[in-house]
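S.K.: this one's sequence-less:
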């Protein structure tokens, strides 16, 4: 194996899916070191993102499972922290580069989880301040990657409910993967009435939209948080029927910011063709509801043939939207009663070991010059920190 040209072997491995490569790690030491090398991990991820290959679904049934894209076949039950057979134990509050940001539902513990390698990192726990305690506190989350600092970041927005939308308590916290710590962020310019609103990651900014409530029906602008400078900005909404709408959700579609506007009987789908330009909003289509309490909550992704969209509707159900007929049908996953949620993820070879990247290069540096051949050294757990260099 050692005489095989390493460059050629690397090019071949870059063409293979991550699940295959994970099995190849046991073939020999050379293959193990190549597949777990952080530079190769990043190259494999960037190729998958560029070619839109090596995709899979993570579905909630209510526990999390890995399935094929877009057939929902070859179901694999995932192992993850706080797993619970009745309610799943966690909610997915963000996705980026195939990693999931999970929120444990009882103590609000956040986890960064890789469903491909089934490894994870627990974030430092944030206590709930008295001002944000139930039932008045509202929490929203986001997750993304900053290419400038080469750092994954998680955002928690805590706000206290108030009958006066211009007067509210706010506490924003930003987590850095590289530093493994939280720091205080700037206040959000608008109040979000609802918990856990869908967010949209685009151009290294996390987006939320705040709908009105009760007598205050005026919708709030879209709020964007920059993962680079960690500041908030706002974007103008399209000109929809603000008197008649019942729900708003911001998403990403075709690389553009997308707004889902629900009314009593139907839903409008808008896209911002030029990011940040208010006049570039365009209504794509209208979907008639099957029942009045149903609305489009989140876009999961296109089908493989591009003729349909997988969406999550507000009744905790994943559905298929035919783009020709604009009719929706519920997605069925094996023998599960319901597919509650789904996320389209790219395969990622990144190994997360509770708080660290697992990096072979640093292993080699630490072991250089030491005596070889001791079996206990081979079996010793290797867990060294390395900063991400590309994703």
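M.R.: That came in fine, so what should we check first? Just so we're clear, the structure is a prediction, and the values are computed from it rather than from any experiment.
S.K.: just the strands in the stretch 51-200 of the chain please.
M.R.: 55-60, 64-68, 76-77, 90-96, 99-104, 110-114, 119-122, 137-146, 151-160, 170-176, 181-185, 200-202 (DSSP state E, counting those that start in this stretch).
S.K.: could you point out the longest helix in this protein?
M.R.: helix 38-51 (DSSP state H).
S.K.: to the chain's geometric centre, what's the distance from that helix?
M.R.: Centre-to-centre, helix 38-51 and its host chain are 18 Å apart (C-alpha atoms, centre = their mean, to the nearest Å).
S.K.: With distance to residue 321 and mean neighbour count added, can I get the strands of the stretch 51-200 of the chain in CSV?
M.R.: C-beta coordinates here come from the backbone N, C-alpha and C atoms, glycine included. Shown next, in CSV, are the strands of the stretch 51-200 of the chain (distance: least, C-beta to C-beta, whole Å; neighbours: other C-beta atoms under 10 Å):
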stretch, distance to residue 321, mean neighbour count
strand 55-60, 16, 22
strand 64-68, 19, 19
strand 76-77, 26, 12
strand 90-96, 20, 22
strand 99-104, 23, 23
strand 110-114, 28, 22
strand 119-122, 32, 19
strand 137-146, 25, 21
strand 151-160, 29, 22
strand 170-176, 34, 18
strand 181-185, 35, 14
strand 200-202, 18, 19
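S.K.: do you know which of those lies nearest residue 329?
M.R.: Across those, residue 329 has its closest neighbour in strand 55-60 (16.1 Å, C-beta to C-beta).
S.K.: how about low-confidence regions in the stretch 201-350 of the chain?
M.R.: 211-217 (pLDDT under 70).
S.K.: quick one, helices of it?
M.R.: Applying DSSP state H, counting those that start in this stretch to the stretch 201-350 of the chain gives no helices.
S.K.: where do the strands sit along it?
M.R.: 205-209, 222-226, 232-235, 247-253, 256-262, 266-272, 281-288, 296-302, 308-313, 317-322, 328-330, 341-346.
S.K.: Which of those sits closest to residue 67?
M.R.: Closest among those, using C-beta to C-beta: strand 341-346, at 8.3 Å.
S.K.: ok, residue 244 - contacts?
M.R.: 263, 264 (C-beta atoms under 8 Å, 6 or more residues apart in numbering).
S.K.: Identify the bridge partners of the residue nearest to residue 209 when sequence neighbours are not counted.
M.R.: Excluding the flanking residues, the one nearest residue 209 by C-beta to C-beta, 6 or more residues apart in numbering is residue 250, at 4.4 Å. Counting by DSSP bridges, residue 250 is bridged to residue 259.
S.K.: One more: residue 319?
M.R.: residue 311, residue 330.
S.K.: Residue 76 reaches residue 68, doesn't it?
M.R.: No: with contact defined as C-beta atoms under 8 Å, residue 76 does not reach residue 68; the gap is 9.8 Å.
S.K.: coming back round to it: out of the strands of the stretch 51-200 of the chain, which gets nearest to residue 40?
M.R.: strand 110-114 (15.7 Å).
S.K.: just how off-centre is the closest one within its chain?
M.R.: In this view, strand 110-114 has its centroid 10 Å away from the chain centroid, taken as C-alpha atoms, centre = their mean.
S.K.: Neighbouring strands of it in the sheet, and parallel or not?
M.R.: Sheet pairing of strand 110-114 (DSSP bridges) gives strand 99-104 (antiparallel), strand 119-122 (antiparallel).
S.K.: Let's have those in CSV, adding distance to residue 310 and mean pLDDT.
M.R.: Shown next, in CSV, are those (distance: least, C-beta to C-beta, whole Å; pLDDT from 0 to 100):
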stretch, distance to residue 310, mean pLDDT
strand 99-104, 17, 96
strand 119-122, 25, 95
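S.K.: Could you provide the ones you listed in a markdown table, with additional columns for distance to residue 149?
M.R.: Listed next are these as a markdown table, based on distance: least, C-beta to C-beta, whole Å:
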| stretch | distance to residue 149 |
| --- | --- |
| strand 99-104 | 16 |
| strand 119-122 | 17 |
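S.K.: Of these, which is nearest residue 235?
M.R.: With respect to residue 235, and counting by C-beta to C-beta, the nearest of the strands paired with strand 110-114 is strand 99-104 at 22.7 Å.
S.K.: contacts for the closest one?
M.R.: So strand 99-104 is in contact with 58, 80-82, 89-95, 109-115, 120, 141, 143, 152, 154, 196, 343, 345, 348, 350, going by C-beta under 8 Å, 6+ apart.
S.K.: so what's the closest residue to residue 81 other than its chain neighbours bridging to?
M.R.: Nearest residue to residue 81 in three dimensions, chain neighbours excluded: residue 111, at 5.5 Å (C-beta to C-beta, 6+ apart). Assessed by DSSP bridges, residue 111 has beta-bridge partners residue 102, residue 122.
S.K.: Hmm, residue 111 is touching residue 123, no?
M.R.: Yes: at 6.7 Å, residue 111 counts as touching residue 123 under the criterion of C-beta under 8 Å.
S.K.: before we move on, the earlier item: now tabulate the strands of the stretch 51-200 of the chain in JSON lines and tack on distance to residue 269.
M.R.: Shown next, in JSON lines, are these (distance: least, C-beta to C-beta, whole Å):
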{"stretch": "strand 55-60", "distance to residue 269": "21"}
{"stretch": "strand 64-68", "distance to residue 269": "25"}
{"stretch": "strand 76-77", "distance to residue 269": "32"}
{"stretch": "strand 90-96", "distance to residue 269": "20"}
{"stretch": "strand 99-104", "distance to residue 269": "25"}
{"stretch": "strand 110-114", "distance to residue 269": "30"}
{"stretch": "strand 119-122", "distance to residue 269": "34"}
{"stretch": "strand 137-146", "distance to residue 269": "22"}
{"stretch": "strand 151-160", "distance to residue 269": "25"}
{"stretch": "strand 170-176", "distance to residue 269": "30"}
{"stretch": "strand 181-185", "distance to residue 269": "31"}
{"stretch": "strand 200-202", "distance to residue 269": "13"}
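S.K.: Thanks again, I'm all set now.
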